[in-house]
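S.K.: Let me see the structure of the following:
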Amino acid sequence: MGTTASQLGKDVLSEYQELTFLTKQEILLAHKRFAELLTKDEKDLQYTRIPMDRILTLPELKSNPFRKRICHVFSTSIQKDGSLTFEDFLDLLSAFSDSATLEIKSHYAFRIFDFDDDGTLDGGDLESVVNCLTGDTDDTRLTTEEMRQLINNILEESDIDKDGTVNLSEFQHVISRSPDFVSSFKIVL
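M.R.: Numbers count the residues shown, from 1 in each chain. Got it, this is the predicted structure:
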């Protein structure tokens, strides 16, 4: 059924430890969990790309309102389909680990919220973020006026250069004033 955690070589394990914010035990657990997602036809864990729909069966992602964006941001797939290799999966877990720095966490949070991948958070991105958080159903969706007011409030608070968007630097400035961000931006296997 694929490579088991015990088959992860010491040198590879050491390299993963150096390149991530994960401990040896966290890497081995990630390896085990990733291997459990393989089908019986998929043998080589190191080079197998697992489709996003299978990744999203993990309980740690299943209930996250940004689960699809998380997969897209960490996927190195040329097809931009959100599929993950084991190394993509380690990068994801590393960024969401307790040991990751505020700068790393805020960088990835920004990328996750940047739905159109243009390097800024504009009104459309902010609307998508709000809809992810509130749920995009008739019962939970904000009215057009409520959404406009909320986006204006966010931009008023965050858009330092007043260009109508929030760039990474502005986002990181806002996040630096949020003491619970680092502890809440995490995924633990």
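S.K.: hey, let's count contacts and neighbours off CA atoms from now on
M.R.: OK.
S.K.: Does Thr76 fall in a helix, a strand, or a coil region?
M.R.: Taken by DSSP: H, G, I helix; E, B strand; the rest coil, the conformation at Thr76 corresponds to coil.
S.K.: Nearest the middle, which residue of this protein would you pick?
M.R.: Relative to the mean C-alpha position of the chain, the nearest C-alpha, by C-alpha atoms, centre = their mean, is the one of Ile70, at 3.3 Å.
S.K.: Can you tell me the number of residues neighbouring the residue lying closest to that residue once chain neighbours are set aside?
M.R.: Leaving out its chain neighbours, the residue that sits closest to Ile70 by C-alpha to C-alpha, 6 or more residues apart in numbering is Ile112, at 6.0 Å. Neighbours of Ile112 under the rule other C-alpha atoms under 10 Å: 22.
S.K.: now swap in Leu93 and tell me
M.R.: The number of residues packed around Leu93, counting by other C-alpha under 10 Å, is 23.
S.K.: Ile187 is in contact with that one, correct?
M.R.: Yes - with the criterion set as C-alpha atoms under 8 Å, Leu93 and Ile187 qualify as a contacting pair; they are 6.6 Å apart.
S.K.: the longest helix in this protein is where?
M.R.: Ranked by residue count, the top helix of the chain under DSSP state H comes out as helix 144-158.
S.K.: wait, what's in contact with Leu155?
M.R.: Under the criterion of C-alpha atoms under 8 Å, 6 or more residues apart in numbering, the neighbours of Leu155 are Gly164, Thr165, Val166.
S.K.: could you dump these to TSV with pLDDT and secondary structure?
M.R.: Rendered in TSV, the data for the contacts of Leu155 read as follows (pLDDT from 0 to 100; DSSP: H, G, I helix; E, B strand; the rest coil):
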residue	pLDDT	secondary structure
Gly164	97	coil
Thr165	98	coil
Val166	98	strand
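S.K.: Cool, thanks, talk later.
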